[in-house]
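Student: Build me a structure from this.
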Amino acid sequence: MNSKTVIMAAISAALLHSLTPRASADVITDWNLITLNATKTGGLNSNLGSRIDAIEAIAVYDAVNSIRQFGTPYSYYVTNAGAASAQAAAAQAAHDVLVNYFPTQQAALDASLSNSLSNITDGPAGAGTTVGSAAAANIIALRANDGSSPNISYPGPATIVPGAYQLTPNIPTVTTPPFTFNPGINEQWGTVTPFLLAATNQFRPGPPPASNSAEYSNALAQVQSIGSLTSVTRTSDQTHIANFYKQDAELTANEAAREAAIGRGLSLEQDALLFVLVDIAVADARIAIWDAKYTYLFWRPVTALNANPDGTVTNNYSAWQPEVLTPNHPDYPCGHCGTVNAGIEVLKAFVGDQNTVQLHTTTAGEPPRLVQSLSKVEFENGWSRVYGGIHYSFDVTNAQVLGGQVAAYVLANGPAFVQQSTTNAASQLNIKSYPGINITGSVGQSYRIDYATALAPTNWLPLNYVTLPTALPYPVFDYSPYTSNESRFYRAVAISN
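Tutor: This next block holds a predicted model:
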């Protein structure tokens with residue numbers, strides 16, 4: 001491992017607001033899970049599901065913020081909600097969003113709401129539910145004509161040429177003909193109105209490498225070897241990774257956020273802000289990725305590795321088959337990779353990288369996976385698509401950069417804690433501040449953050465590991481215990497393997 005120290009600074013200014021912590025799940029993490037389950041019960045893919053997740057999170061945040069008045073609103077805001085339960089407001093807001101989009105699930109959602117309201121501890125529930133309903137109605141109305149419908153399916157190219165996306169077979173669900181070739185999903189998604197991005201193409205990556213380039217040839221050979229259904233180079237753990245992370249990507253990002261939030265004991269206010277930013281980042285990343293996918297219309301490995309020189313496939317896909325079913329949409333960039341990175345990079349801004357999370361999957365037969373850091377979640381999720389034979393390495397890299405760019409933009413432009421709380425919220429808030437360091441460097445560069453209490457002699461201690469999601473100054477905070485009269489110095493050490 002090579003390293004180079006690039007930054008050293010002593011930071012004393014207050015950089016992050018923290019609210020009174022708690023030690024277990026709360027109504028916001030509960031309804032985040034209920035929301036994810038409702039979207040999958042409703043049969044929504046990651047595009048449609050992430051949109052609902054963001055709408056729910058916005059309704060919850062705006063409802064809680066109207067009562068606790070701790071942050072800048074996304075849209076809805078009541079200047080003085082009076083005595084009201086923020087817990088009830090959150091539950092009602094989430095419930096009303098989900099009933100609006102999933103009316104056939106109302107009985108189950110009503111039962112969940114009743115359970116939440118029976119455990120209210122922070123004020124009159126009735127006044128809170130009124131605020132929650134209003135916040136939900138507001139964001140539902142705002143998103144009514146956002147371009148998410150009608151759905152448009154991609155029928156395939158009018159003319160087949162090398163490198164152009166073609167509909168893909170349902171291998172390995174079946175491995176011999178006849179195969180099913182489903183149309184490309186959600187061609188319109190790249191034109192959906194973003195929740196925060198200024199434009200859907202704001203972070204569109206450059207085109208995939210040319211088919212005669214060394215980068216493409218190397219990536220193709222790599223996925224041919226490690227992503228094959230019959231691979232002898234893929235390890236057992238890589239096979240598990242390929243199958244574990246093939247579930248819808250927003251499930252991974254949101255479970256990691258719930259695990260970290262509960263483990264760190266985040267407050268109701270912190271959870272409201274965390275999940276609104278995570279789910280906006282995830283939803284906007286999906287929109288940005290779909291803009292690029294249907295702009296470049298690049299072919300999948302299963303097509304490239306079975307195609308004739310003119311791009312046609314006439315061998316019944318007998319030359320090469322992937323470990324994992326190829327999703328029915330264009331290849332570049334990787335949807336899973338950008339989605340998870342967008343959500344996880346937001347999460348890192350709240351809790352740092354060094355969080356051990358136990359993740360679960362909808363893939364039958366795959367056990368829970370204990371992952372030692374959030375960066376490792378990003379790594380495993382991204383490379384699962386190469387191990388599974390459905391993406392090239394350049395898909396992963398460029399999509400993860402895009403996800404990081406979306407996250408940085410959402411953190412900079414989305415709802416945020418305000419410097420002062422109102423009198424109404426003062427008794428419920430305990431504002432704290434944390435020191436830290438701002439890093440400026442290349443997107444994708446990894447750093448180890450060290451601290452010391454003196455410079456002579458210097459005894460650097462590791463504090464955190466981060467991967468820069470943006471070329472803009474990126475804050476890293478020190479959450480570790482320290483005394484008020486203690487001086488701390490920080491440095492960022494660039495790491496390369």
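Student: okay, and the helix or strand of the chain with the least pLDDT?
Tutor: Of all the helices and strands that make up the chain, the one with the lowest confidence by mean pLDDT, DSSP states H and E is strand 2-9; it has a mean of 32.
Student: So which bits of the next helix or strand after that one are buried?
Tutor: Taking DSSP states H and E as the definition, the helix or strand that follows strand 2-9 towards the C-terminus is helix 27-41. Neighbour-count burial for helix 27-41, counted by 16 or more other Cβ atoms under 10 Å, picks out 27-32, 34-36, 38-40. The C-beta positions use only the backbone N, C-alpha and C, and glycine is treated the same way.
Student: As JSON lines, those with distance to Val443 and pLDDT would be great.
Tutor: Shown next, in JSON lines, are the buried residues of helix 27-41 (distance: Cβ to Cβ, whole Å; pLDDT from 0 to 100):
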{"residue": "Val27", "distance to Val443": "36", "pLDDT": "97"}
{"residue": "Ile28", "distance to Val443": "31", "pLDDT": "97"}
{"residue": "Thr29", "distance to Val443": "30", "pLDDT": "97"}
{"residue": "Asp30", "distance to Val443": "35", "pLDDT": "97"}
{"residue": "Trp31", "distance to Val443": "34", "pLDDT": "98"}
{"residue": "Asn32", "distance to Val443": "29", "pLDDT": "98"}
{"residue": "Ile34", "distance to Val443": "35", "pLDDT": "98"}
{"residue": "Thr35", "distance to Val443": "31", "pLDDT": "98"}
{"residue": "Leu36", "distance to Val443": "29", "pLDDT": "98"}
{"residue": "Ala38", "distance to Val443": "35", "pLDDT": "98"}
{"residue": "Thr39", "distance to Val443": "31", "pLDDT": "98"}
{"residue": "Lys40", "distance to Val443": "32", "pLDDT": "98"}
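Student: which residues of the protein fall in helices?
Tutor: For the chain, applying DSSP state H gives helices covering 27-41, 46-68, 86-101, 106-117, 125-142, 214-226, 236-244, 249-264, 268-296, 301-304, 335-351, 374-387, 393-413, 423-426.
Student: Contacts for stretch 219-235, please.
Tutor: 171-172, 175, 209, 238, 242, 301, 304-305, 320-323, 386-394 (Cβ atoms under 8 Å, 6 or more residues apart in numbering).
Student: Weed out the non-buried ones from those residues.
Tutor: By neighbour count, with 16+ other Cβ under 10 Å, the contacts of stretch 219-235 hold 171, 209, 238, 242, 301, 304-305, 320-323, 386-394 as buried.
Student: Which residues are in contact with the closest residue to Gly126 other than its chain neighbours?
Tutor: Leaving aside its chain neighbours, Gly126 sits nearest to Ala88 (7.7 Å; criterion: Cβ to Cβ, 6 or more residues apart in numbering). By Cβ under 8 Å, 6+ apart, the contact set of Ala88 is 116-117, 120, 123-129, 132.
Student: now with 6 Å?
Tutor: Applying Cβ atoms under 6 Å, 6 or more residues apart in numbering, one finds that Ala88 lies in contact with 117, 120, 125, 128-129.
Student: I'd like the residues you listed written out as JSON lines, with distance to Thr361, neighbour count and pLDDT added.
Tutor: JSON lines is the format used below for the contacts of Ala88 (distance: Cβ to Cβ, whole Å; neighbours: other Cβ atoms under 10 Å; pLDDT from 0 to 100):
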{"residue": "Leu117", "distance to Thr361": "32", "neighbour count": "19", "pLDDT": "96"}
{"residue": "Ile120", "distance to Thr361": "33", "neighbour count": "18", "pLDDT": "92"}
{"residue": "Ala125", "distance to Thr361": "36", "neighbour count": "20", "pLDDT": "92"}
{"residue": "Gly128", "distance to Thr361": "35", "neighbour count": "29", "pLDDT": "95"}
{"residue": "Thr129", "distance to Thr361": "35", "neighbour count": "23", "pLDDT": "96"}
